[in-house]
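> Compute the structure for the input listed below.
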Amino acid sequence: MKYDSLLNKYPLPKTLKEEIKQELEKLNVNKTAAKKIIERCYEMYLKNLMEPGEAAGIIAAQSMGEPGTQMTMRTFHYAGVAEIDVTLGLPRLIEILDVRKNPSTPMMTIRLTEEYAKDREKAREIANKIEATYILDIADVATDIRHMRIVINLDEKALERKQIKVEDVKKKIEKGLKTEVVEEDGKLIIQISEPSFKKLMDTFDKLKNIVLVGIKEIRRVIVRKENDEYVLYTEGSNLKKIMRVKGIDFARTTTNNIYEIYEVLGIEAARNAIIKEAISTLEEQGLEVDARHIMLVADVMTADGELKQIGRHGVAGEKHSILARAAFEMTVNNLLDAAIKGDVDLLRGITENIIVGQPIKLGTGDVELIARLGGRR
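Below you'll find the model as predicted:
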């Protein structure tokens, strides 16, 4: 509280004031020293402000585009997590900026509540609960063409490991195939109603795709110890279903599927995810980009309250200028459509003015003289 009166004298953002206040309280300095520190912070803040007429968008695009040329085009194994492929480098950056509904390698990092995070067995229990388990994971399945039936030979060790009961398997199959399943000598038998080889094979294909336990989208779960707690890494993602699972600390659980974050948690969470994913993708390649440039791109993508890609189906395609749209992609189509509709380009932006060779509204070009002072012209 003792630093509030000093901080209120300077027009600094609220978050910055809070940060300075916390640091001053840690240092516990007197008012004279605090005043000097605040003055220095204010000077640095003013130096970092953007100049009027600055080409902020161009600089942001350049600062992300230039390092992008140094990025890898391949998919790598994620550092430290065995056997989970995660798209890195340029393909991942393109996925983020295109807001792909189905990223090529969706994954989640799931944190657990205290009672589950410290115990490996309990962590494994949750992993079994959310990992999609199919019939071929716990049994050998054979087709008996002579008797027109499917024979399921269950693996008791696999059932025990996955903590699944035979009765539960039977119920899931009956529900999925809408047919009766008979238990016979420790095996499950599915009798085909009509003598048709096609019906037999169709039933077999359907059987393979029934999820007995877990969440369909989560193909695999790896349990890993990090800083005295067990963390789950998943191959596949389903944020909505994960939030209902007991033992999962949803507030600390993350996914790399930005569109899913937008649908479940909203636009602000999606904006933060774009920034976080873009920064981590660039840093993984040893590239450093100022977070404010990435924040500007994220703001443009989320400004209307919904996710928009940077491309002709999103931000670039919604520009009012015909020439600006034509300069980006689909030049002939854009010009033809505009000509058919009789559209007019008012030449208010940067791209269109460069195309027609007019001064642009940037820097000194953004200033209009009201009058010339003195007699000289």
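> For Ile279, give me its contacts.
Val289, Ala291, Ile294 (Cβ atoms under 8 Å, 6 or more residues apart in numbering). Yep, even glycine has a C-beta here, placed from its N, CA and C like the rest.
> Of these, grab the buried ones for PyMOL.
Remark: buried members of the contacts of Ile279, expressed as a PyMOL selection using 16 or more other Cβ atoms under 10 Å:
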select buried, resi 289+294
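> residues contacting the residue nearest to the spatial centre of the chain?
A centroid search over the chain (Cα atoms, centre = their mean) returns Ile258, at 2.7 Å, as the residue closest to the centre. For Ile258, the residues meeting the contact criterion (Cβ under 8 Å, 6+ apart) are Ile96, Val99, Pro103, Ala270, Ala273, Ile274, Glu277, Leu307.
> measure it to Lys170 for me?
Separation of Ile258 from Lys170 (Cβ to Cβ, to the nearest Å) stands at 40 Å.
> and this structure, what are its domains?
Domain assignment of the chain by automatic domain parsing yields the ranges 4-48, 58-106+256-318, 133-213, 320-366.
> same question for the shortest one, mean pLDDT?
The average pLDDT within domain 4-48 is 89.
> Could you work out the end-to-end span of that domain for me?
The distance separating the two terminal residues of domain 4-48, taken as Cα to Cα, to the nearest Å, comes to 23 Å.
> Check the second one too.
The separation between the terminal residues of domain 58-106+256-318, taken as Cα to Cα, is 18 Å.
> That domain: how far from the chain's middle?
Relative to its chain's centre, domain 58-106+256-318 lies at 7 Å (Cα atoms, centre = their mean, to the nearest Å).
> hang on, the earlier thing: filter the contacts of Ile279 down to the ones in helices?
Among these, the members found in helices (DSSP state H) are Ala291, Ile294.
> Output the contacts of Ile279 as JSON lines; include the columns pLDDT.
Shown next, in JSON lines, are these (pLDDT from 0 to 100):
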{"residue": "Val289", "pLDDT": "90"}
{"residue": "Ala291", "pLDDT": "91"}
{"residue": "Ile294", "pLDDT": "94"}
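> ok, Val151 - contacts?
Contacts were defined as Cβ under 8 Å, 6+ apart; by that measure Val151 touches Val141, Ala142, Thr143, Asp144, Lys187, Leu188, Ile189.
> Which strand residues bridge the fourth one?
When assigned by DSSP bridges, Asp144 has beta-bridge partners Arg149.
> Isn't it up against Ile152?
No: shown here, Asp144 and Ile152 do not form a contact pair, counting by Cβ atoms under 8 Å, at 11.1 Å.
> joint contacts of those two?
Common neighbours of Asp144 and Ile152, counting by Cβ under 8 Å, 6+ apart, are absent.
> For the protein, which segments count as strands?
When assigned using DSSP state E, the strands of the chain occupy the ranges 75-77, 85-87, 107-111, 133-134, 139-144, 149-154, 181-184, 187-191, 211-213, 220-226, 229-235, 254-255.
> So which of these is nearest Ile355?
Evaluated over the strands of the chain, closeness to Ile355 peaks at strand 85-87, with 35.8 Å, by Cβ to Cβ.
> which other helices and strands contact the closest one?
Applying 3 or more Cβ pairs under 8 Å, 6 or more residues apart in numbering; DSSP states H and E, we find strand 85-87 packed against strand 75-77.
> and of the strands of the chain, who's closest to Leu362?
Nearest of the strands of the chain to Leu362, taken as Cβ to Cβ: strand 85-87 at 35.9 Å.
> Give me the buried positions along the closest one.
Using 16+ other Cβ under 10 Å, the residues of strand 85-87 that count as buried are Val86, Thr87.
> so how many other residues sit close to Met50?
Here the count is done by other Cβ atoms under 10 Å, and Met50 has 10 residues near it.
> OK, contacts around it?
Residues near Met50 by Cβ under 8 Å, 6+ apart: Ala56.
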